Structures are given as structure tokens and as C-alpha cells.
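> I'd like to go over a predicted model; first the sequence, then the structure.
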Amino acid sequence: QVQLVESGGGLVQAGGSLRLSCAASGGTFSYYVMGWFRQAPGKERAFVAGITSYGGGIDYADSVKGRFTISRDNAKNTLYLQMNNLKPEDSAAYYCAASPVRSNLARSYNYWGQGTHVTVSS
């Protein structure tokens, strides 16, 4: 059983940056593919980025390519999402999740954090 706790959300102006963190406990963090998803009010949860167990494979949604960077530190059991050049449409609750397989589908992820909110003002 893996517990995930996100942090780092907040209010930022358009063009600004935020760094989200996801601290994992209760399992072997390096075993899992990790992903970031986001969900805006009234919309479905959407894939943002994913990273394989040791970082050799990284995937991004087209909407964030070139602006967001996913990374992980297995020694610290922590996942990160560096978000630059933020836009109002990036406003959402951001969730980290763990999966045994590389996937951009939410149903492939077994463990989820409680989410952290990001609001980007124009």
C-alpha cells in the first residue's frame, strides 16, 4: 500500500512557475511508474506527465510539453512537477499517482494522492 501526499500548489500569475512535490511512503517507490494528473471543475481527470521507475521514460500531454518537467528522486521517495510559463487553463487540482505500468490512463494507476490546487490568474 502506497501513500502519496502532494504539496506545492497555490495561486500564481500567468507566466509564473510552481513546483509540485509528491511524497511517497508505505511501499517501494522505485518500483512504480509515477504520474501527474489534473482535474479542473466540471472536467474529467486528465494525464499531465508520467515517468518510469528510474526515469528512463518520460511522457507529457501535448498541452504541457516544453513548459512542464516531471522528475523523481528515488532516494527521497519523491516525485516532482516543475511548471513554468503557467497559463490560466492550467488551473486545476493536481494529483500524483502510482502505477505498475507505463500509461497515460487514469485507470492504470492504483494509488492516488489527495491533490493540490493550482490557480493561475490572468
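Happy to help now that I have it.
> At which residues are the strands of the protein located?
With strands called from DSSP state E, the chain shows them at 3-7, 10-13, 18-25, 33-39, 46-51, 58-60, 68-73, 78-83, 92-99, 111-112, 116-121.
> Which one, of those strands, ends up nearest to Leu105?
Among the strands of the chain, strand 46-51 comes nearest to Leu105, with 7.3 Å by C-beta to C-beta. In short, each C-beta sits where N, CA and C put it, glycine included.
> Any chance you could list what contacts the closest one?
Strand 46-51 has contacts (C-beta atoms under 8 Å, 6 or more residues apart in numbering) with 33-39, 57-61, 64, 68, 70-72, 79, 81, 94, 99, 102-106.
> mind running it again at 6 Å?
Residues from elsewhere that reach strand 46-51 (C-beta atoms under 6 Å, 6 or more residues apart in numbering): 34-38, 58-61, 64, 68, 70, 72, 104.
> what's the closest non-adjacent residue to the spatially most central residue of the chain?
Nearest to the geometric centre of the chain sits Trp36, at 2.4 Å (C-alpha atoms, centre = their mean). Nearest residue to Trp36 in three dimensions, chain neighbours excluded: Val48, at 4.2 Å (C-beta to C-beta, 6 or more residues apart in numbering).
> quick one: which of the contacts of strand 46-51 is nearest to Trp112?
Phe37 (8.3 Å).
> Quickly list what the closest one is bridged to.
For Phe37, the beta-bridge partners are Phe47, Tyr95 (DSSP bridges).
> Could you check the pLDDT of it?
Phe37 carries a pLDDT value of 98.
> Is it in contact with Ala61, as I believe?
No. Assessed by C-beta atoms under 6 Å, Phe37 is found out of contact with Ala61, at 9.5 Å.
> For the two, indicate the residue with more neighbours.
Shown here are Phe37 and Ala61; by other C-beta atoms under 10 Å, Phe37 has more neighbours (25 against 16).
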